[in-house]
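Chemist: quick one: sequence and predicted model below, then my questions.
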Amino acid sequence: MKELKHLNKYFRKYWFKLLVGIIITIIARIFSLVLPSYVNKAFKVIDNLVAKSIGKEEATDLLTQYILIIIGTAILSGIFTFLMRQTIINVSRYIEYDLKNEIFDHYQFLNLDFYKKNRTGDLMNRISEDVGQVRLYAGPAVMYGINALTLFGCLIPLMFIKAPTLALYTVLPFPILSFLIYKISKIIHKRSTKVQEFLSTLSTFTQESFSGISVIKAYGLEPQTHEEVISLANEGKDKSMNLAKVNAWFFPLMVLLIGVSNLFVIYIGGLQYIAGEIGIGLIAEFILYVNMLTWPVAIVGWLTSIVQRAEASQKRINEFLKEEPKILNEVAEENTINGKIEFRNVSFTYDDTNITALKNISFTIKKGDTVAILGKTGSGKSTILDLIARLYDVTEGEILVDDIPIKELNLKSLRQSIGAVPQDAFLFSDSIKENIKFGKENATEEEVIKVAKNAVVHENIMGFTKQYETVLGERGITLSGGQKQRVSIARALLKNPEIYLFDDCLSAVDTETEEEILSNLEKASSNRTTLIVSHRVSSAKNADKVLILDDGKLLQEGTHEDLNVSEGYYKELYLTQLSDKEN
């Protein structure tokens, strides 16, 4: 159970509630122990009545008294059992809540490489299915475990005190049971791990299928996808059935061993009764004791299964919790960001692909300047923006913001000063208004409309039935590519940051709309440092500086006018696009 030690901090956090729950559990079980002893007393009353040691009236009074005590203690036991569930089960829900938050918070701090290596379905499965398995351990397993230990701890000594020989035969099957549980639990642990790992595979496949449903439909791959789902479902069924077959051994074994104990009670107890060593009431009392142990003994198998599944799930959770964030905020004090950016001999290599995206790049961007970055696909344009936002740390060289090394800036301050529009615009499944307000939650409706107009998307939004209250589908699927880009631009404008990072965010709009947006951006981003990654020269014409990249190297640097009069990539691109526009 070494993996489950991670939960000890939560058990310590809720120790008082757990302690109250344990005390209530013990009290509930003690009250339930009253029934067998008073059944024994009732038999003695009947024996005395038959032997005429007491009168009928006295016997009736005693039996009535015993019945009332049995009913009263049963009611009290039921009340305390209810309270037991209200305390211990509630604690398990608190632990589930805390653990999910811990995992989610940890996910957010992990670097982008982590998300490239791990699939969304697997991440979701660990925070949902695996946490659910762990909750069963933190709640029901603890509750029923304490319940079983209390009954064992009270009943078995009590049985040996009342009739040692009979008690010895009664508990004789228990060592056999312990051995079987030990052997079977090892098998359960292995098969539980396989089931949980497969659930991640299934979740990933279904999540990707739903996200890419338009591609599946466009290629007519519904039958093949369905066949893959059937294949995965059958594989999952086989793994689950293998686990279920092992689990299925527990309950029959419990019933068999309890049945053997009952036979011992009846046979050995009968012999002792014939010999005059014990009364018939004690045999009845022992039968009740054995049957009271039926559930705790039977539950041992179920508890073992829960613990093994929880151990397997917590191990998978711990694998991700042990992942260390590579981008660390090493400065507690917040900084004021103005917007000057400098790259000094910066090189960067992606860990997951080992591709060197930037090779000894150096340039300076003054505060308030607009810089266009052009180059072929894979030349390292987007990497520059990612490094400025410190989504990655450089492999070699140094980046300075306001003449301060970027690692010496407060990470929160840096990112709050940036308004980024990624190449692949991402919108949430919420209203258009809330998607724009993602950059500034307390924005007024007038501010939202203003930035939407600047992003040339206001008229499109007003054309929808619910206008700004239109709820988007997953990843903004309701909108066209160009509309998604423009809503993302509006979101960045609303934030009004010190630094704008536009990563080829006008690729899905026509030239006329692009020029209108660029004109509005020039006004909105006045005195703000702006970097625009693009494949179009039109995005660079009004920039204070243009950077030309190729294969991670800085080929050209200068203004539109400077680069347009010198031979090179920029002039060729300008002439090509000018010719395309005229045609």
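Modeler: Yes, it's here.

Chemist: so what's G558 bridging to?
Modeler: Here G558 sits in beta bridges with V546, going by DSSP bridges.

Chemist: and the gap between it and N360?
Modeler: Remark: distance between G558 and N360 (CB to CB, to the nearest Å) = 19 Å. C-beta: built from backbone N, CA, C; applies to glycine.

Chemist: over to K322?
Modeler: From K322 across to N360, the span is 35 Å (CB to CB).

Chemist: more neighbours: which of the two?
Modeler: N360 (14 against 9; other CB atoms under 10 Å).

Chemist: make sure the more buried one is indeed in a strand.
Modeler: Yes - under DSSP: H, G, I helix; E, B strand; the rest coil, N360 sits within a strand.

Chemist: surely it meets G397?
Modeler: Yes - using CB atoms under 8 Å, N360 is in contact with G397, at 7.2 Å.

Chemist: now do the shared contacts for these two.
Modeler: Common contact partners of N360 and G397 (CB atoms under 8 Å, 6 or more residues apart in numbering): N345, V346, S347.

Chemist: most surrounded residue in those?
Modeler: These, ranked by neighbours (other CB under 10 Å): first place V346, 23 neighbours.

Chemist: name the SS class of the residue nearest to that one when sequence neighbours are not counted, please.
Modeler: Of all residues not flanking V346 in the chain, G397 sits nearest, at 3.7 Å (CB to CB, 6 or more residues apart in numbering). Taken by three-state DSSP, the conformation at G397 corresponds to strand.

Chemist: let me know the pLDDT of G397.
Modeler: Listed pLDDT for G397 reads 89.

Chemist: continuing past the helix or strand hosting E319, what's the next helix or strand?
Modeler: For E319, the host element (DSSP states H and E) is helix 280-321. For helix 280-321, the succeeding helix or strand toward the C-terminus, using DSSP H and E, is strand 341-349.

Chemist: who are the packing partners of the helix or strand harbouring L166?
Modeler: Element membership for L166 (DSSP H and E) is helix 164-170. Other helices and strands packing on helix 164-170, by 3 or more CB pairs under 8 Å, 6 or more residues apart in numbering; DSSP states H and E, are helix 142-162, helix 250-274, helix 280-321.

Chemist: hang on, D504 packs against S534?
Modeler: Yes - using CB under 8 Å, D504 makes contact with S534 at a distance of 5.8 Å.

Chemist: how about the nearest residue to the residue most central in space within the chain, chain neighbours excluded?
Modeler: Nearest to the geometric centre of the chain sits I127, at 2.1 Å (CA atoms, centre = their mean). The shortest distance from I127 to any residue other than its chain neighbours is 4.9 Å, reached at I103 (CB to CB, 6+ apart).

Chemist: pretty sure that neighbour sits against R316.
Modeler: No - using CB under 8 Å, I103 makes no contact with R316, being 10.8 Å away.

Chemist: residues shared between the contacts of these two?
Modeler: Residues touching both I103 and R316 (CB under 8 Å, 6+ apart): R126.

Chemist: so where's the stretch 301-450 of the chain shaky on pLDDT?
Modeler: 301 (pLDDT under 70).

Chemist: okay, domains of this protein per the record?
Modeler: Listed by automatic domain parsing, the domain ranges of the chain are 3-321, 341-417+499-583, 425-496.

Chemist: in JSON lines: those domains, plus distance to V331.
Modeler: Below are the domains of the chain laid out as JSON lines (distance: least, CB to CB, whole Å):
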{"stretch": "domain 3-321", "distance to V331": "16"}
{"stretch": "domain 341-417+499-583", "distance to V331": "5"}
{"stretch": "domain 425-496", "distance to V331": "22"}
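
Chemist: got a list of what S431 touches?
Modeler: Shown in contact with S431 (CB under 8 Å, 6+ apart): K466, Y468, E469, T470, V471, L472.

Chemist: measure I287 to Y169 for me?
Modeler: Taking CB to CB as the measure, I287 falls 13 Å from Y169.

Chemist: which residues do those two both contact?
Modeler: Residues within reach of I287 and of Y169 at once, by CB under 8 Å, 6+ apart, are V265.

Chemist: which pLDDT does the model give the residue nearest to R29 when sequence neighbours are not counted?
Modeler: Distance criterion CB to CB, 6+ apart; nearest residue to R29, sequence neighbours excluded, is T150 at 4.3 Å. The model reports T150 with a pLDDT of 82.

Chemist: just the endpoints, please. Distance across stretch 388-405?
Modeler: This stretch, stretch 388-405, spans 11 Å end to end (CA to CA, to the nearest Å).

Chemist: residues making contact with it?
Modeler: So stretch 388-405 is contacted by 111-112, 326-327, 335, 337-349, 356, 360-362, 367, 383, 386-387, 406-407, 409, 411, 414-415, 418, 420, 499, 501, 531 (CB under 8 Å, 6+ apart).

Chemist: centre of the chain to it, how far?
Modeler: Put simply, stretch 388-405 sits 31 Å off its chain's centre (CA atoms, centre = their mean, to the nearest Å).

Chemist: mind listing the strands in the protein by residue range?
Modeler: 341-349, 356-365, 370-375, 396-401, 404-405, 418-421, 499-503, 529-534, 545-550, 553-558 (DSSP state E).

Chemist: need these in JSON lines (columns: distance to G220).
Modeler: As requested, the strands of the chain are exported to JSON lines (distance: least, CB to CB, whole Å):
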{"stretch": "strand 341-349", "distance to G220": "40"}
{"stretch": "strand 356-365", "distance to G220": "37"}
{"stretch": "strand 370-375", "distance to G220": "37"}
{"stretch": "strand 396-401", "distance to G220": "48"}
{"stretch": "strand 404-405", "distance to G220": "54"}
{"stretch": "strand 418-421", "distance to G220": "34"}
{"stretch": "strand 499-503", "distance to G220": "33"}
{"stretch": "strand 529-534", "distance to G220": "35"}
{"stretch": "strand 545-550", "distance to G220": "40"}
{"stretch": "strand 553-558", "distance to G220": "43"}
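
Chemist: buried ones in stretch 62-79?
Modeler: Buried residues in stretch 62-79, counting neighbours by 16 or more other CB atoms under 10 Å, are found at L62, L63, Y66, I70, T73, L76, S77.

Chemist: pick out the most distant pair among those.
Modeler: Taking CB to CB, the two most distant members of the buried residues of stretch 62-79 are L62 and S77; they sit 22.1 Å apart.

Chemist: now do the contacts for A540.
Modeler: Counting by CB under 8 Å, 6+ apart, A540 makes contact with A372, L374, I532, S534, V546, H560, Y570.

Chemist: where does the stretch 101-250 of the chain have low pLDDT?
Modeler: 178, 181-182, 185, 189, 211, 250.

Chemist: to clarify, my last question referred to the stretch 451-583 of the chain.
Modeler: Confidence mapping of the stretch 451-583 of the chain against pLDDT under 70 gives the ranges 473-476, 507-509, 577-583.

Chemist: and with 80 instead?
Modeler: 472-482, 504-518, 521-526, 535-542, 560, 562-583 (pLDDT under 80).
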